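Novice: Build the 3D model from these lines:
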Amino acid sequence: MTKHFEPASGTAAHKLRAVSKGRSFASARTILALILREMTTSYGRSPGGYLWAILEPVAAIAVLTAIFSLGFQAPSIGVNFPIFYATGVVPFLMFTDVSLKVAGSLTYSRALLTYPSVTFLDAMIARFTVNMMTQVMVAYIILFGLVLVFDTRTSPDLPVIALAFAMVAALALGVGSFNCFMFTIFPIWQQVWSVFTRPLFIISGVLFTFDSIPEPYASYVWFNPLIHVIGVMRSGFYFNYAADYTSPAYVFGLSLVFMLIGLVFLRRYHSEILNR
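Specialist: Below is the predicted model:
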């Protein structure tokens with residue numbers, strides 16, 4: 001009679017824990033390697049890589065300031081045009097840039113995803129981390145540079161500004177995760193999304209404040225999460241701007257829904273996506 005021996009429960013548990021720890025460490029190393037690759041390929045190949053990340057929002061702010069200062073004596077809030085438009089342009093460009101980079105994670109790292117040690121989640125985390133850190137650096141240089149250079153008559157509230165950054169980061173990651181699935185499964189969705197988001201610059205409160213929108217349009221625009229992000233950002237610079245209409249809970253909740261939908265479908269269909 002053949003006898004079957006089973007390993008002791010303690011030994012089995014020890015082996016399982018070792019495997020789990022090994023994978024966790026391997027995942028961290030993979031993400032770090034992907035971060036370094038992203039930094040090199042996206043910004044490090046030319047001296048102007050990081051410089052362009054700063055010049056793009058600066059150019060947008062300069063153009064808006066030049067145009068609207070000709071027709072208006074003062075912006076909707078405060079007395080300084082550059083800081084008013086910067087508090088709208090910077091979070092808007094932060095969202096569009098980071099969300100699109102996250103959405104393209106699988107396409108960008110498709111060759112590396114064939115290795116068992118690299119997962120789609122590793123690729124998304126690495127891309128989000130690099131581009132979000134870059135955009136925060138750009139935002140710091142622009143916003144606080146304007147405060148130092150101009151007489152903006154603002155009073156930056158760092159906790160509120162940090163909340164605005166957290167809101168735009170969550171929204172970019174959530175929408176990016178959802179689009180990461182949609183862009184790869186339905187390529188036409190990328191064109192549809194591009195057309196759908198073109199009016200966002202106008203209806204997100206970059207050029208004006210939510211308070212200036214008449215009803216019933218204000219009730220519709222309220223559902224645009226970027227109007228909340230920009231409202232919180234401006235309330236962090238203008239101490240007399242309450243922005244009572246903003247709801248961080250709505251932005252974080254919507255971001256979580258988008259992220260969960262994207263991750264669930266990516267987990268279910270990532271093998272099919274890689275074989276397309």
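
Novice: what are the ranges of the helices in the stretch 101-250 of the chain?
Specialist: 105-108, 120-149, 158-185, 188-197, 200-203, 217-221, 225-235, 248-274 (DSSP state H, counting those that start in this stretch).

Novice: how far away is the spatially closest residue to residue 56 that is not a sequence neighbour from residue 176?
Specialist: Once flanking residues are discounted, residue 56 sits nearest to residue 93: 6.8 Å by C-beta to C-beta, 6 or more residues apart in numbering. Heads up, the C-betas are built off the backbone N, CA and C, glycines and all. According to C-beta to C-beta, to the nearest Å, residue 93 stands 14 Å off from residue 176.

Novice: Number of residues surrounding the nearest residue to residue 108 once chain neighbours are set aside?
Specialist: Excluding the flanking residues, the one nearest residue 108 by C-beta to C-beta, 6+ apart is residue 127, at 6.8 Å. With neighbours defined by other C-beta atoms under 10 Å, the count for residue 127 comes to 26.

Novice: Give me the pLDDT for residue 127.
Specialist: On the pLDDT scale, residue 127 is placed at 91.

Novice: Distance check, it against residue 41.
Specialist: 11 Å.

Novice: And residue 217, by the same measure?
Specialist: For residue 217 relative to residue 41 (C-beta to C-beta), the value is 43 Å.

Novice: Roughly how far does the nearest residue to residue 107 once chain neighbours are set aside sit from residue 42?
Specialist: Leaving aside its sequence neighbours, residue 107 sits nearest to residue 184 (C-beta to C-beta, 6+ apart; 6.7 Å). For residue 184, the distance to residue 42 equals 20 Å [C-beta to C-beta].

Novice: More neighbours: which of the two?
Specialist: residue 184 (24 against 17).

Novice: Distance of the more buried one relative to residue 168?
Specialist: Distance from residue 184 to residue 168, by C-beta to C-beta: 24 Å.

Novice: So between residue 93 and residue 176, which is more surrounded?
Specialist: Neighbour totals were compared for residue 93 and residue 176, and residue 176 leads with 27 against 21 (other C-beta under 10 Å).
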